[in-house]
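Asker: Any chance you could fold what I've pasted below:
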Amino acid sequence: MFLGTHAPRLDQKGRLFLPAKYRDELSGGLVITKGQERCLYVFPMEEFQRITDALRSAPVTAKSARDYSRVLFASASDEVPDKQGRITIPPGLREYAGLERDCVVIGANTRLEIWAAHAWADYEAEQDQAFADLSEEVLPGVL
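Answerer: Numbering: from 1, shown residues only. I've put the predicted structure just below:
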């Protein structure tokens, strides 16, 4: 499970230090791909395989599954962190997420998300009030 908020910086070569607390879990490899709201998703290899299996079982006649699969897999990059815990984010993914120097890496349960710092600040400001005002159960019987 990935938790927390971290603020690494992207270097000149497009590399990013993974938060130290996640390096062991991701040392065997990971997949970076486009996520919703113009962030990047970072999946441990095992979790990406689970998602792949689920999408594989979707009917090929389901247009939304085809569309999602195309974007997810076409933009995916498999990476292995270097000895210092850095990953290289490909140029196309950096452009998609608007990543320049200041980034935010958040834990999002089974994945990490990488955001441009300004985009995360805007998103968080918008969502904080919505979260505080939530008046119905998100997960009935649980929350």
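Asker: From the rest of the structure, what touches the lengthiest helix in the chain?
Answerer: Taking DSSP state H as the criterion, the chain has its longest helix at helix 117-133. For helix 117-133, the surrounding residues in contact (C-beta atoms under 8 Å, 6 or more residues apart in numbering) are 7, 37-39, 97-98, 102-104, 106, 115. To be clear about C-beta, it is placed using only N, CA and C from the backbone, and glycine gets the same treatment.
Asker: all strands for the chain, in order.
Answerer: For the chain, the strands identified by DSSP state E occupy 5-6, 15-17, 30-34, 40-44, 77-79, 86-88, 103-108, 111-116, in order along the chain.
Asker: Put together JSON lines for those, with mean pLDDT, distance to V138 and mean neighbour count on each row.
Answerer: Written out in JSON lines, the entries for the strands of the chain read as follows (pLDDT from 0 to 100; distance: least, C-beta to C-beta, whole Å; neighbours: other C-beta atoms under 10 Å):
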{"stretch": "strand 5-6", "mean pLDDT": "97", "distance to V138": "20", "mean neighbour count": "14"}
{"stretch": "strand 15-17", "mean pLDDT": "97", "distance to V138": "30", "mean neighbour count": "20"}
{"stretch": "strand 30-34", "mean pLDDT": "98", "distance to V138": "25", "mean neighbour count": "22"}
{"stretch": "strand 40-44", "mean pLDDT": "98", "distance to V138": "20", "mean neighbour count": "24"}
{"stretch": "strand 77-79", "mean pLDDT": "97", "distance to V138": "32", "mean neighbour count": "15"}
{"stretch": "strand 86-88", "mean pLDDT": "97", "distance to V138": "31", "mean neighbour count": "18"}
{"stretch": "strand 103-108", "mean pLDDT": "98", "distance to V138": "15", "mean neighbour count": "20"}
{"stretch": "strand 111-116", "mean pLDDT": "98", "distance to V138": "18", "mean neighbour count": "23"}
